[in-house]
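A.B. asks: A predicted structure for the sequence below; I have some questions about it.
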Amino acid sequence: MTENGTAERYDAVVVGAGAAGLNAALVLGRARRRVAVVDAGQPRNAPAAHLQGFLSRDGMPPAALLAVGREEVARYGVDLIDGRVEHIEPAGPAELGHTVQLAGGPVLHARRVVVATGLRDGLPELPGLAERWGKDVLHCPYCHGWEVRDRPLGVLGTGPGSVDLALLLRQWSADVLLLAHTLEPTDAERERLAARGVRVVEGRIVRLVADGGRLRGVELANGAVVPREAVFVRPQMVPRDALLFGLDCARDDNGWVAVDRTGRTSVPGVWAVGNVVDPRAQVVVAAGMGAAAALDLDHDLVDEEIGRAVALCRASGVALSA
Ligand SMILES: Cc1cc2nc3c(=O)[nH]c(=O)nc-3n(C[C@H](O)[C@H](O)[C@H](O)COP(=O)(O)OP(=O)(O)OC[C@H]3O[C@@H](n4cnc5c(N)ncnc54)[C@H](O)[C@@H]3O)c2cc1C
């Protein structure tokens, strides 16, 4: 709030300071827009020690990337606000933008909004699994496959996608087991797994076994421990999209918020970027989505400003020829 009790006004409010939100803010700050970024401080890859696959940043700790990003946006006058946005609502007719309500009371006024709130990984409930997430319980071979190459690896059979994950992972190691757990692969899937050199181990898993800060294996219901140095799992990816649904943004056929190539949602003035709309977006892609949205959003503001200026000139009878 400003001193006279009105909401602080911004050209753009970005919700979420992961790679997607920060890159949007960086481009908008450099375009001399007044920008706020509100962040609740729970980036998805926080459990991982290193961030891989981002050109020029390969191997950097995820928190270090975000710290650099925050420093960079601050240089262009972007306001970084620690907090959680509770809801966003129209400030009136579309041209008035939106109000952004933070937990604990503060309200911001946004001519445009970028939602970059990421997603939550729903993990299978197995003792010993959650604490090893991002360390040696992994989900993405492109992010972490190299680091565990040639080691004894397992894929937990928890649902659709587990067979494909095992088939893919095989290119990083010759020793990949599909630990069937609750999955019953079809005959056709078993044939493909065998052809690819992936063995299926039947039996329910009861827990993951670790000692000395490292995964040692996976214990089955019959008491046997299958030695593995890392296991991969397909988490249930749940977008953090409550703010967007509160605004009635249209969904696609999979139930995710629908956006165009620049991240525009169906609601005028609202963009959504990164994992909140695309579970496959790695960090570099999420950052790119933020940059693309910022360009489109800035053009949208420019159009609005020109439209207003023209209307003002016409109303005051000023000749408009250049
Ligand atoms: C364990 C693990 C390891 C990974 N390793 C890699 C890797 O090596 N390389 C790679 O490219 N990708 C990796 N990824 C994927 C990577 O995490 C995503 O690509 C990236 O986080 C997407 O960025 P984002 O900005 O969309 O979301 P996030 O990074 O999740 O950022 C979203 C931010 O929004 C905030 N937020 C959410 N709701 C609100 C709200 N209501 N108000 C305010 N703030 C809010 C969150 O607290 C968070 O800080 C990994 C993922 C996991 C799970």
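C.D. replies: Everything's here; your move.
A.B. asks: now the strands: where do they sit in the stretch 1-150 of the chain?
C.D. replies: With DSSP state E, counting those that start in this stretch as the criterion, the stretch 1-150 of the chain has strands at 8-15, 35-39, 79-82, 85-90, 98-102, 107-115, 119-122, 137-138.
A.B. asks: helices or strands up against the last one?
C.D. replies: Secondary structure elements in contact with strand 137-138, counted by 3 or more Cβ pairs under 8 Å, 6 or more residues apart in numbering; DSSP states H and E, are strand 230-232. To be clear about C-beta, it is placed using only N, CA and C from the backbone, and glycine gets the same treatment.
A.B. asks: ok, and what's touching the helix or strand following the strand it packs on?
C.D. replies: Per DSSP states H and E, strand 230-232 leads on to strand 236-239 as the next helix or strand towards the C-terminus. Identification of contacts with strand 236-239 by Cβ atoms under 8 Å, 6 or more residues apart in numbering yields 117-123, 256-257, 275-277, 279.
A.B. asks: in its sheet, what does strand 236-239 sit against?
C.D. replies: Strand 236-239 has the following strand partners under DSSP bridges: strand 119-122 (antiparallel).
A.B. asks: is the ligand within reach of the strand it pairs with?
C.D. replies: Yes: counting by Cβ under 6 Å from any ligand atom, the ligand has neighbours in strand 119-122: Asp121.
A.B. asks: what's the answer for stretch 16-32, then?
C.D. replies: Yes: with Cβ under 6 Å from any ligand atom as the criterion, the ligand is reached by stretch 16-32 at 16-21.
A.B. asks: any chance of CSV for the residues you listed, columns neighbour count?
C.D. replies: Formatted as CSV, the residues of stretch 16-32 next to the ligand follow (neighbours: other Cβ atoms under 10 Å):
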residue, neighbour count
Gly16, 31
Ala17, 25
Gly18, 28
Ala19, 33
Ala20, 33
Gly21, 31
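A.B. asks: which elements pack onto the lengthiest helix in the chain?
C.D. replies: Within the chain, and with DSSP state H defining each element, the longest helix by residue count is helix 283-316. For helix 283-316, the packing partners by 3+ Cβ pairs under 8 Å, 6+ apart come out as strand 8-15, helix 19-30, strand 107-115, strand 270-272.
A.B. asks: show me what the last one is packed against.
C.D. replies: When contacts are defined as 3+ Cβ pairs under 8 Å, 6+ apart, strand 270-272 packs onto strand 107-115, helix 283-316.
A.B. asks: isn't Gly53 up against Cys140?
C.D. replies: No: Gly53 is not in contact with Cys140 according to Cβ atoms under 8 Å; the separation is 9.0 Å.
A.B. asks: between the two, which contacts overlap?
C.D. replies: Listed contacts common to Gly53 and Cys140 are Gln282; contacts here mean Cβ under 8 Å, 6+ apart.
A.B. asks: what ranges in the stretch 101-250 of the chain fall below the confidence cut-off?
C.D. replies: Nowhere does the stretch 101-250 of the chain drop to pLDDT under 70.
A.B. asks: what residues does the protein put near the ligand?
C.D. replies: Taking Cβ under 6 Å from any ligand atom as the contact definition, the chain meets the ligand at 15-21, 38-45, 47-48, 51-54, 84-85, 116-118, 121, 134, 143, 240, 274-275, 281-284, 286.
A.B. asks: filter these down to the buried ones, ChimeraX style.
C.D. replies: Only the buried members of the residues of the chain next to the ligand end up in this ChimeraX selection, burial being decided by 16 or more other Cβ atoms under 10 Å:
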select :15,16,17,18,19,20,21,38,39,40,43,44,45,48,51,52,53,54,85,116,117,118,121,134,143,240,274,275,281,282,283,284,286
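A.B. asks: mind listing what Ala36 touches?
C.D. replies: If a contact means Cβ under 8 Å, 6+ apart, then Ala36 has 8, 10, 12-14, 78-81, 108, 110 as its contacts.
A.B. asks: just Gly118 next, same as before
C.D. replies: Taking Cβ under 8 Å, 6+ apart as the criterion, Gly118 is in contact with 16, 18, 20, 42-44, 239-240, 274-276.
A.B. asks: how near is it to Ala291?
C.D. replies: Taken as Cβ to Cβ, to the nearest Å, the spacing of Gly118 relative to Ala291 amounts to 17 Å.
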